[in-house]
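Asker: My questions are about this predicted structure, shown below with the sequence.
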Amino acid sequence: MSLLTVEGLDVRFGDVHAVRDVSFTLEPGECLALVGESGSGKSTAARALLGLAGPGSRVGARTLRIAGRDATGFAERDWRTVRGGTVGLVAQDALVSLDPLRRVGAEVAESLRLHRTVEPNRVRGRVVELLREAGVPEPEARAAQYPHELSGGLRQRALIASALAARPRLLIADEPTTALDVTVQAQILDLLARAREEGMGLLLISHDLGVVAGVADRTAVLRDGRVVETGATAGLLSAPRHPFTRTLLEASAVRPPRRPGPVGGQLLQVKAVSRAYGSRAAVQEVSFSLHAGETVGLVGESGSGKSTVARIAMGLLSPDSGTVTLGGGPWSELPERRRRPLRHRVQLVHQNPYGTLDPRFTVARVLAEALPRHPGRQERARELLGLVGLDDGHLTRYPHQLSGGQRQRVAIARALAPEPDVLVCDEPVSALDASVQDQILRLLEDLRERLGLAILFISHDLGVIRRISDRVLVMKDARVVEEGAASSVLSAPRHPYTRALLAAVPHLPGPVAAAHEAAP
C-alpha cells in the first residue's frame, strides 16, 4: 500500500492559482523530490498535504490518501491525528519553527511524550541521542539552550531531530539542508537514508539538484504550480526532456573560479581578532584584508565563527583582542557615538530578507527608511530598484507579495541606499533555488564591478564561494585553517578539513557532472 497517493491536488489563494492538478504517489522507503523555482508551488503543495496550506487557501483533490486514510474530507481534529506521528515536517525556517521561549531539549521531548515513543524515564536520554544523530555537537549542553543561542545550522539540526523523534512513517522535508555546511549535510542525508531503510517515506523539497541526485529515487519538476516533468531521478537529471528542467540544470552547473579582477585600495582590515562567549572561543586570531572591487569568501561549518567575524567586521560586536580598521582609520576601537556617522560605509545583506523586511511596509517605505535625509528619496528609490533589476511597479508591493528572489533584491537595494564601501553578505543565496541564486550572484558581481564595492561573502556552499570569490578563507573551530586565491584553495586544498569539505559536495550526473569535471 502506498504511503501517499495524490491525484489532482489544487490550491488557490483568492485569484492566485498556486498549485494546479498535481499528482504523485510515494511508497514506503522511497524518496520523491519536488524541485522548481521559488514560487513554483513546491512548499505550498507539500504543506497542503498536512492541512497547513495557510489562511485564505482553498485546497481540493480528487484523491488524497495518507497511510491508507482518505484525507479529502479531514477536519482539523483529523489532521492532528496525522501530524507528527504519521507525517513529520521539517520546515525551512528553523528559527520560526522552533518555540523561542522553550529550550531545545524540551522541543524534542514534546514529540516523544505526545506520541509516547519511549518510556517517560528514557525521554531525556533519547533527546540527547536524537540531537547527536542529527549532528548536534555537545548535545547535552545544546539541549539546555534556547533557539536564539544556536547558529542557523544548529537550529536546523534540532528541528530535524524533533521531526524524527516520533518515528513518522512519512517525512516532508522542506529544504532540510539549506542552512548546513556540506559535511553536516552529508551526515543528515545519511540519517534520512537510514530512516528510509526502516521504511520511512521521504518527500524532499530542495533547490540543490546535487542533493536531489544523491537522495531521490524519483523527481517531479514544478513550474507555475504544475508538474512539467517527472521520472526516475538519474534519467531526469541526465537527459531532461522539458526545457525548464534543462534551465534548472544549467543554472546548477559548477563554474570555474572567478578570475580576479582589478582591485582598489584597502577598505577593511581585520587584524588578529579574537572573541569568546564565556569559556567558549568563537573567533581566534583571525586576520584578513578587503579591497575595493574584491570579494573575499568566508566558508566553514555551522558554528565555526563565520557570523561572529561578520559582526566584528561590521562594528556590531567588539573583539576581545585585535583590531579592525576601515579605510585606514579606526573602526572597532571607536565608541559608538563616533562610529555611528560612519556606519553607512559597511552594510549587511542578510540570509533571510523576509525576516528583516518589515511586513507592514511597502518596498517604497523600506527604501525610504534607508534614506532618511536624502532630498529626492522617491527618485532615489526608483534608481535603487533599477540597480537591482526591479521596475517601479514593485514600489507599492509588500514583502509577502514578492518572491524570494525579489525580496533579496529589495534587501540588496536597501543595503546600497547609503552608498556603502563594503557589503557583508551573510548566506544571501542559501534559501534560493538555483536559477534565482544565479540571478542574485550575477547582480552582486555586476554591482561589485560597477560601484567598486568590496564584498565579504559568507556561505557554506562551496559552489557559490567558487563562483563569486577572489580569495577564500576556510574556518574551523573559530580559526582560519586555510586561505588564498579561490582558484588555489578550491582546486588544490592543502588543509585536510578543506579537502573534506570539497569531498562532501554532492555532484550531478550527466552533462552537469561533465561541466564540473571540466572546471579548472
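Answerer: It's in. Note that the structure is predicted; figures quoted are calculated from it, not measured. Residues are numbered from 1 along each chain as shown.
Asker: which regions of the protein sit below the pLDDT cut-off?
Answerer: For the chain, the stretches with pLDDT under 70 are 93-95, 179, 254-262, 374, 509-520.
Asker: the domain parsing of it - what is it?
Answerer: Domains of the chain are assigned by automatic domain parsing as 99-165, 266-357+420-518.
Asker: What is the distance between the last one and the centre of its chain?
Answerer: Average the C-alpha atoms of domain 266-357+420-518, do the same for its chain, and the two points are 15 Å apart (Cα atoms, centre = their mean, to the nearest Å).
Asker: got it, and the shortest one?
Answerer: Once both centres are worked out by Cα atoms, centre = their mean, domain 99-165 turns out to sit 21 Å from its chain's centre.
Asker: So for it, first residue to last residue, what's the gap.
Answerer: Domain 99-165 has an end-to-end distance of 16 Å (Cα to Cα, to the nearest Å).
Asker: now stretch 490-497
Answerer: Across stretch 490-497, the terminal residues are separated by 12 Å (Cα to Cα).
Asker: For that stretch, give me every contacting residue.
Answerer: Contacts of stretch 490-497 with the rest of the structure, by Cβ atoms under 8 Å, 6 or more residues apart in numbering, involve 257, 462, 465-466, 472, 474, 476, 481-482, 499, 502, 520. The way it works is simple: take the backbone N, C-alpha and C, and place the C-beta from them, glycine included.
Asker: List the buried residues in that stretch.
Answerer: 490, 493, 497 (16 or more other Cβ atoms under 10 Å).
Asker: measure the first one to F244 for me?
Answerer: Applying Cβ to Cβ, to the nearest Å, one obtains 30 Å for the distance of L490 from F244.
Asker: Spell out the secondary structure type for Q284.
Answerer: strand (DSSP: H, G, I helix; E, B strand; the rest coil).
Asker: cool, T178 as well?
Answerer: coil.
Asker: Tell me how far it lies from R467.
Answerer: Taking Cβ to Cβ, one finds T178 at 17 Å from R467.
Asker: what does T308 give?
Answerer: 25 Å.
Asker: got a list of contacts for stretch 58-76?
Answerer: Against stretch 58-76 from outside (Cβ under 8 Å, 6+ apart): 1-13, 48-49, 51, 53, 78-79, 82, 86-87, 169-170.
Asker: Mind listing what's buried along that stretch?
Answerer: Applying 16+ other Cβ under 10 Å to stretch 58-76 flags 59, 61, 64-67, 71, 74 as buried.
Asker: Just to be sure, which of the residues you listed are found in strands?
Answerer: 59, 64-66 (DSSP state E).
Asker: Could I get the contacting residues of A310?
Answerer: 298, 348, 424, 426, 456, 458.
Asker: and it, what helix or strand is that in?
Answerer: Using DSSP states H and E, the element containing A310 is helix 306-313.
Asker: And the next helix or strand after that helix, what does it pack against?
Answerer: Using DSSP H and E, the helix or strand that follows helix 306-313 towards the C-terminus is strand 321-326. Here strand 321-326 touches strand 266-277, strand 280-291, going by 3 or more Cβ pairs under 8 Å, 6 or more residues apart in numbering; DSSP states H and E.
Asker: These into JSON lines, with extra columns for mean neighbour count?
Answerer: Converted to JSON lines, the helices and strands packed on strand 321-326 look like this (neighbours: other Cβ atoms under 10 Å):
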{"stretch": "strand 266-277", "mean neighbour count": "18"}
{"stretch": "strand 280-291", "mean neighbour count": "18"}
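Asker: which stretch among those strands comes nearest V211?
Answerer: strand 280-291 (28.8 Å; Cβ to Cβ).
Asker: okay, that closest one in PDB with CA atoms only?
Answerer: Provided in PDB are the C-alpha atoms of strand 280-291 (Å, rounded to 0.1, in the frame of the first residue of the first chain):
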ATOM      1  CA  ARG A 280      33.900  29.200  24.500                       C
ATOM      2  CA  ALA A 281      36.100  30.800  21.900                       C
ATOM      3  CA  ALA A 282      34.000  32.000  18.900                       C
ATOM      4  CA  VAL A 283      36.900  33.600  16.900                       C
ATOM      5  CA  GLN A 284      40.600  33.200  17.500                       C
ATOM      6  CA  GLU A 285      43.400  35.200  15.900                       C
ATOM      7  CA  VAL A 286      41.500  35.900  12.600                       C
ATOM      8  CA  SER A 287      43.200  38.300  10.100                       C
ATOM      9  CA  PHE A 288      42.300  39.400   6.500                       C
ATOM     10  CA  SER A 289      42.000  42.500   4.400                       C
ATOM     11  CA  LEU A 290      39.400  43.500   1.900                       C
ATOM     12  CA  HIS A 291      40.000  45.800  -1.100                       C
END
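Asker: Tell me which strands that strand pairs with, and in which orientation.
Answerer: strand 266-277 (antiparallel) (DSSP bridges).
Asker: Could you list the residues in contact with the partner strand?
Answerer: 281-292, 308-309, 312-313, 317, 319-328, 331-332, 346, 421-422, 454, 456.
Asker: Between strand 321-326 and that strand, find me the angle.
Answerer: 150 degrees (axes from the mean of the first three to the mean of the last three Cα atoms, to 10 degrees).
Asker: between strand 266-277 and helix 306-313, how many degrees?
Answerer: 120 degrees.
Asker: for the protein, longest helix please?
Answerer: helix 434-451 (DSSP state H).
Asker: residues making contact with the helix or strand that that one is followed by?
Answerer: Downstream of helix 434-451, the first helix or strand assigned by DSSP H and E is strand 454-458. For strand 454-458, contacts defined as Cβ under 8 Å, 6+ apart pick out 267-268, 290-299, 306-307, 310, 313, 421-428, 444, 448, 464-465, 468-469.
Asker: Tell me which strands strand 454-458 pairs with, and in which orientation.
Answerer: Short version: by DSSP bridges, strand 454-458 pairs with strand 295-300 (parallel), strand 422-426 (parallel).
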